[in-house]
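Q: Here's a sequence, model it:
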Amino acid sequence: MERKIATAPTLVYPESDGEPMAETGRHVRLLLDMIEMIDWHFRDAPDVHVCGNMFLYYEEGNPRKVISPDVFMVRGVSKKDLRTYKTWEQQPYLDFVLELASPSTYTKDFNEKKMIYEKILRVKEYYIYDPYGEIHPSFIGFRLVDGSYEEIEFVEGRLPSETLGLELGERDGVLRLYDPIKDAWFGPGREHAAEAEARAQHAEEELAKLRAALERLQRSE
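A: Residues are numbered from 1 along each chain as shown. Now for the predicted structure:
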């Protein structure tokens, strides 16, 4: 009788748990906006990876050791698309994480996730923000100092990020990024398009006023 050789089961690292991307439409929009803005900021850096809402596995051989940062940035990883992030295949430590909190998630954000980011993933900077302002504190940041998190102090109402070279703060009640070097806010592409359209509209109105003034001057001569 021929003896069959059993094969070891293949470990599966799921890409999704079937849950929604975020709790509310505001959370989803902000999550996508922050990824877009940070990715745009590092568009010329080939080894800076920006992503979010992705399963991140931090112990090889144990699919239960998983976390899903809302937004994260890591240096030393290319911009190629990743279906999951495995710390034993990519850079094991992250530079920046942002969690968009709510009353149902803040306990996990401030305890379990904070511990994983601080002690295991050694995230250099960890920010928690509640778009609705329903939790307290609704906006806070931590920086890794000698292996432990220290709270980041606000500067003119914004939290400075050393890893991004930018500041995080609210503009018109929405979390946005501020460039202290250029002394300017910047937002997602749709906001830039709207601002450009408004400037073009203003320019057309000013040109129309000049033409009208010139016509009046010519008639009076």
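
Q: wait, isn't residue 38 in contact with residue 71?
A: Yes: contact criterion C-beta atoms under 8 Å: residue 38 and residue 71 qualify, at 7.1 Å. C-betas here are computed from N, CA, C, even on glycine.

Q: who touches both of the two?
A: Contact criterion C-beta atoms under 8 Å, 6 or more residues apart in numbering; residues shared by residue 38 and residue 71: 50, 96.

Q: Do a quick rundown of the strands in this structure.
A: Counting by DSSP state E, the chain has strands at residues 48-51, 56-57, 66-67, 71-75, 85-86, 96-100, 125-129, 139-145, 148-151, 159-161, 166-171, 174-179, 184-186.

Q: what's the domain layout of this structure?
A: 25-186, 188-221 (automatic domain parsing).

Q: can you redo those domains as JSON lines with distance to residue 10 and mean neighbour count?
A: Putting the domains of the chain into JSON lines (distance: least, C-beta to C-beta, whole Å; neighbours: other C-beta atoms under 10 Å) gives the following:
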{"stretch": "domain 25-186", "distance to residue 10": "11", "mean neighbour count": "17"}
{"stretch": "domain 188-221", "distance to residue 10": "40", "mean neighbour count": "10"}
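
Q: Which residues are in contact with residue 98?
A: So residue 98 contacts 34, 52, 69, 70, 71, 72, 127, 128, 129, 168 (C-beta under 8 Å, 6+ apart).

Q: Excluding residues flanking it in the chain, which one is nearest it?
A: In space, and not counting its chain neighbours, residue 98 is closest to residue 71: 4.1 Å by C-beta to C-beta, 6 or more residues apart in numbering.

Q: Quick check, the one you found in contact with residue 28.
A: No: the pair residue 71 / residue 28 is not scored as a contact, 12.0 Å apart, by C-beta under 8 Å.

Q: Tell me how far the residue nearest to residue 98 lies from residue 154.
A: 20 Å (C-beta to C-beta, to the nearest Å).

Q: With residue 138 instead?
A: In terms of C-beta to C-beta, residue 138 sits 13 Å off from residue 154.

Q: got it, and residue 86?
A: 35 Å.
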